[in-house]
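Chemist: coordinates for the following, if possible.
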Amino acid sequence: MDGIFIAQLFSNPDRFFMQVLLVIFSVCLHEYAHAQVALWQGDSTAARLGHLTLNPLKQMGLFSLFILAFIGICWGSVPVDPSRFKHRYSDALVSFAGPFVNLSLFLIFTVLYSLASLKGLSAGAQLFFQLGALLNFVLFFLNMLPIPGFDGWNVFAFYLPGVMGKMGNSEFGKGLMLFAIVIVFLFINYIYLLGFIVLKIIYGLIAGLIG
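Modeler: Residues are numbered from 1 along each chain as shown. Below is the predicted model:
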């Protein structure tokens with residue numbers, strides 16, 4: 001998705017609404033997973049504040065939905081209190097829950113795309129499943145980056161607490177991570193390409209099994 005995302009509403013409305021609906025569903029399920037695993041790990045903050053839901057107004061908010069519709073970028077958030085967690089690995093587990101959902105959705109949509117393609121279902125169904133797979137691959141990839149504010153930061157911090165702690169608290173580290181975010185979004189199309197390659201590899205494996 002790019003800076004003229006809203007233009008697709010007029011040039012290709014079917015694709016536009018498919019992407020918007022898929023992203024909203026995927027982000028809301030991502031945030032729901034954070035809230036649910038946090039509850040399992042002893043922190044009821046998100047659950048108490050109503051985040052055990054797929055309601056996009058709660059998980060994303062109006063402004064995020066507005067930005068999604070216009071430029072194809074969005075975000076969600078779930079409040080957690082790490083001091084309530086039961087185990088030392090709880091923070092990493094809660095953080096990984098969201099990306100794990102996106103990885104799972106990528107695999108599910110890839111299988112559905114493969115079956116739809118092999119069985120000759122409509123082009124619309126194939127496009128829907130393919131978009132679902134690629135968007136979730138990108139969400140997984142981005143969220144797992146070791147950048148402050150991203151889920152990957154807490155996951156990697158569990159394995160490298162000293163290094164990540166120093167990086168996250170230093171001005172150099174914050175500047176470096178901001179630079180990394182800019183670079184990532186400049187090369188976002190290559191992340192989509194990588195997802196497409198992985199999708200086609202899995203498609204080939206499924207085609208071989210069915211054939």
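Chemist: so where is this structure shaky, pLDDT-wise?
Modeler: Confidence mapping of the chain against pLDDT under 70 gives the ranges 1-4, 162-174, 176, 211.
Chemist: phi and psi next, for the residue nearest to I206 when sequence neighbours are not counted.
Modeler: Excluding its sequence neighbours, the residue lying closest to I206 (Cβ to Cβ, 6 or more residues apart in numbering) is S114, at 4.2 Å. Where you see a C-beta, it was placed from the backbone N, CA and C, and this is true even at glycine. The phi and psi values for S114, taken as degrees, to the nearest 10, are phi -60, psi -50.
Chemist: surely S114 meets Y203?
Modeler: Yes. S114 sits in contact with Y203 when judged by Cβ atoms under 8 Å, with a separation of 4.5 Å.
Chemist: which one of these two has more residues nearby?
Modeler: S114 (24 against 19; other Cβ atoms under 10 Å).
Chemist: could you find the closest non-adjacent residue to G152?
Modeler: Among residues not flanking G152 along the chain, M144 sits closest, at 4.0 Å (Cβ to Cβ, 6+ apart).
Chemist: ok, now which ones touch the residue positioned nearest the centre of the chain?
Modeler: Central residue of the chain (Cα atoms, centre = their mean): L139, 2.7 Å from the mean position. By Cβ atoms under 8 Å, 6 or more residues apart in numbering, the contact set of L139 is V23, S26, V27, H30, P99, N102.
Chemist: hmm, 6 Å instead?
Modeler: If you count contacts by Cβ atoms under 6 Å, 6 or more residues apart in numbering, L139 has them with S26, N102.
Chemist: can you tell me the element it falls in?
Modeler: Assigned by DSSP states H and E, L139 falls within helix 123-143.
Chemist: still on that earlier bit, do you know how far the residue nearest to the centre of the chain is from I73?
Modeler: Going from L139 to I73 by Cβ to Cβ, to the nearest Å gives 12 Å.
Chemist: try S26
Modeler: 14 Å.
Chemist: so which of these two has more stuff around it?
Modeler: Comparing S26 with I73 by other Cβ under 10 Å, the one with more neighbours is S26, at 23 against 15.
Chemist: excluding sequence neighbours, find me the nearest residue to that one.
Modeler: Leaving aside its chain neighbours, S26 sits nearest to N136 (5.4 Å; criterion: Cβ to Cβ, 6+ apart).
Chemist: for L135, same thing?
Modeler: Distances taken as Cβ to Cβ, 6+ apart place L22 nearest to L135, at 5.4 Å, with adjacent residues excluded.
Chemist: one step back: state the number of residues packed around the residue nearest to G152.
Modeler: So M144, with other Cβ under 10 Å, has 21 neighbours.
Chemist: and for I108?
Modeler: 14.
Chemist: thinking again about what came up before, the residue nearest to S26: how many residues sit nearby?
Modeler: Using other Cβ under 10 Å: N136 sits among 29 other residues.
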